[in-house]
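Trainee: Give me the fold of what follows.
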Amino acid sequence: MDDQDPGLQLVHLLRAVTVELDLFAAGFAARNGLHATDVRALIHLLDARREGVDATPGWLGRQLGVNSASTTALVDRLERLGLVRRERDTRDRRRVLLVVRDEAVTLGWSFFGPLIEEMVAEMRSFDEGELATVRRFLLAMRDVSAARRAGNQPTDEQGEGQEDRGH
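Mentor: Now for the predicted structure:
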């Protein structure tokens with residue numbers, strides 16, 4: 001591709017933002033004795049809570065692209081740190097739900113809150129049409145990335161299916 005292609009230039013900028021956010025998250029992880037995957041897991045769990053999604057160990061493993069054993073070790077770590085707890089699903093007692101504890105939310109906001117506030121403040125300089133375009137762009141880039149990632153994941157027939165019970 002031509003480096004002058006506007007689309008490629010946007011891809012490079014998007015990658016630069018991703019790198020900056022990853023470095024910021026790595027600082028949070030290091031400061032709090034977490035692995036990078038722990039931070040990604042917490043983000044997925046917080047998003048699930050906000051969207052009303054039941055988060056199970058199997059669901060979390062699929063979001064992170066890790067196997068059942070790795071998911072169990074991850075949840076055990078987060079539970080020991082007091083950031084997540086396991087609860088039995090009241091509708092299906094065989095199922096275990098993952099719940100982010102208030103301590104995790106407080107910890108996250110203490111670190112990420114100022115960055116989020118600055119980002120939201122900066123977004124106020126854009127009009128509604130510009131924000132709609134940015135939203136459409138980001139959703140399209142997320143969808144392209146997710147589809148590509150999904151195409152590179154092992155299928156259940158390859159032994160990487162996730163179980164939602166008993167973790």
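
Trainee: for the protein, what spans make up the helices?
Mentor: Taking DSSP state H as the test, the helices found in the chain are 6-31, 36-51, 57-64, 68-80, 102-123, 128-151.

Trainee: Most tightly packed of the ones you listed?
Mentor: With neighbours taken as mean count of other C-beta atoms under 10 Å, the helices of the chain reach their highest mean count in helix 57-64, at a mean of 20. Every C-beta, even on glycine, is put in place using the N, C-alpha and C of the backbone.

Trainee: Pull the residues that contact that helix.
Mentor: 37, 40-41, 44-45, 48, 53, 67-68, 70-72, 74-75, 96, 98, 162-164, 167 (C-beta atoms under 8 Å, 6 or more residues apart in numbering).

Trainee: Verify the stated contact: residue 105 with residue 46.
Mentor: Yes. Look at residue 105 against residue 46 with C-beta atoms under 8 Å: they come within range, at 7.2 Å.

Trainee: Tell me which of the helices of the chain lies nearest to residue 90.
Mentor: With C-beta to C-beta, the closest approach to residue 90 among these belongs to helix 36-51: 16.1 Å.

Trainee: and that closest one with helix 102-123, angle?
Mentor: When axes from the mean of the first three to the mean of the last three C-alpha atoms, to 10 degrees is applied, the directions of helix 36-51 and helix 102-123 differ by 80 degrees.
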